[in-house]
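Q: With the sequence up front, the predicted model follows.
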Amino acid sequence: MLDLVIIVAHPDDESYGVGGTLAEYALTGRGTGLITLTRGANGRTLGLCEPADLPRLRDAELRESVSALGIHDFRQYEYSDAAPPSRATPGQVTVPGTFQGGLQDVPLETLIERAAHDLLEMRPRVVISFAPDGGNRHPDHIASHRVAYGALERSGLLGNPTSLYYFASPVLVNPDWADTYRPPTHVRDVTPYLVPKLKAIASHRTQALSTVDFLRRMPERIVTEHFRRAVPEWTASELSNILE
């Protein structure tokens, strides 16, 4: 039985928002797992490879990140990620609703059945994935939420014995998303685990522009990680600085 399993859409999703927590669990002898649903084939190459070779490069980057974070059980699915209508330039924001393809085109039942099988093998104490709105309304993130929740339900693990947490931004990043924004219930200081977290982030060389943008906009989220417990429902009387 693993202590913590992360279910995310893309290579690199494991490093920014939960890398410190994953490293802490591994370094303190607790078992961790990662399910990555796509190979990130529609991302930027940054001139590091030809577009056709990007999936293989991102596979290698993800394996390096998994090693840096000490993840015990890693499973990567082969599905395609959603593609923006055109490749955005630095500083340009791509509207989430304009993404095409990706996990939204894969039958949800197929994804849930596969993930449920893996979760029954992993039997995690805690699962972390994206919130129902994906955090930023990216269709792959939204699909990841549906897969995580659906697989936990299908496997019979949801709530007992497995708690479900979502990534949760400490601030509302876009006023247009106020209707779905939910603040974190748990804030974790991961300062002691910055070295493996930064090694994991740096493993994703193809995401260098995203890394710089992340550091420019939200540098405090390198040292703190934020989550919202969804199942069992969090109550205000509980401590909010640990994952139970």
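A: Cool, the structure landed.

Q: Out of the helices and strands in this protein, which is least certain?
A: One helix or strand of the chain scores below all others by mean pLDDT, DSSP states H and E: helix 208-217, with a mean of 94.

Q: Tell me which residues of it come out buried.
A: By neighbour count on 16 or more other CB atoms under 10 Å, the buried set for helix 208-217 is 210-211, 214. All C-beta atoms are positioned from the backbone trio N, CA, C, and that covers glycine.

Q: tell me which strands and helices the helix or strand hosting Ala68 is in contact with?
A: Taking DSSP states H and E as the criterion, Ala68 maps to helix 54-69. With contacts defined as 3 or more CB pairs under 8 Å, 6 or more residues apart in numbering; DSSP states H and E, the packing partners of helix 54-69 are helix 13-16, helix 19-27, strand 32-38, strand 73-79, helix 194-203.

Q: Kindly calculate the angle that the second one makes with helix 54-69.
A: This points to helix 19-27. Per axes from the mean of the first three to the mean of the last three CA atoms, to 10 degrees, the angle that helix 19-27 makes with helix 54-69 is 60 degrees.

Q: What is helix 19-27 packed up against?
A: Against helix 19-27 (3+ CB pairs under 8 Å, 6+ apart) you get strand 4-8, strand 32-38, helix 54-69, helix 194-203, strand 224-231.

Q: So which residues make contact with that helix?
A: Residues outside helix 19-27 that contact it (CB atoms under 8 Å, 6 or more residues apart in numbering): 3-4, 6, 14, 31-32, 34, 65, 68-72, 128, 188, 190-194, 196-197, 200-201, 223, 225, 243.

Q: could you redo the last one with a cut-off of 6 Å?
A: 3-4, 32, 69-70, 188, 190, 193, 196-197, 200, 225 (CB atoms under 6 Å, 6 or more residues apart in numbering).

Q: cool, the first one as well?
A: For helix 13-16, the surrounding residues in contact (CB under 6 Å, 6+ apart) are 6, 8, 34, 65, 200-201.

Q: Between those, which sits nearest Thr98?
A: Val8 (21.4 Å; CB to CB).

Q: What is the neighbour count of that closest one?
A: For Val8, the neighbour count with other CB atoms under 10 Å is 25.

Q: try the one 5 residues further on
A: For Asp13, the neighbour count with other CB under 10 Å is 26.

Q: For Glu50, see how far away it is.
A: Separation of Asp13 from Glu50 (CB to CB, to the nearest Å): 24 Å.

Q: coming back round to it: mean pLDDT added to the helices and strands packed on helix 54-69, as CSV?
A: CSV is the format used below for those (pLDDT from 0 to 100):
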stretch, mean pLDDT
helix 13-16, 98
helix 19-27, 98
strand 32-38, 98
strand 73-79, 97
helix 194-203, 98
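
Q: Give me the residue ranges of this protein where confidence is low.
A: Along the chain, segments meeting pLDDT under 70 span 86-97, 236-244.

Q: Just the buried ones out of the contacts of helix 13-16, please.
A: Buried among the contacts of helix 13-16 (16+ other CB under 10 Å): 6, 8, 34, 65, 200-201.
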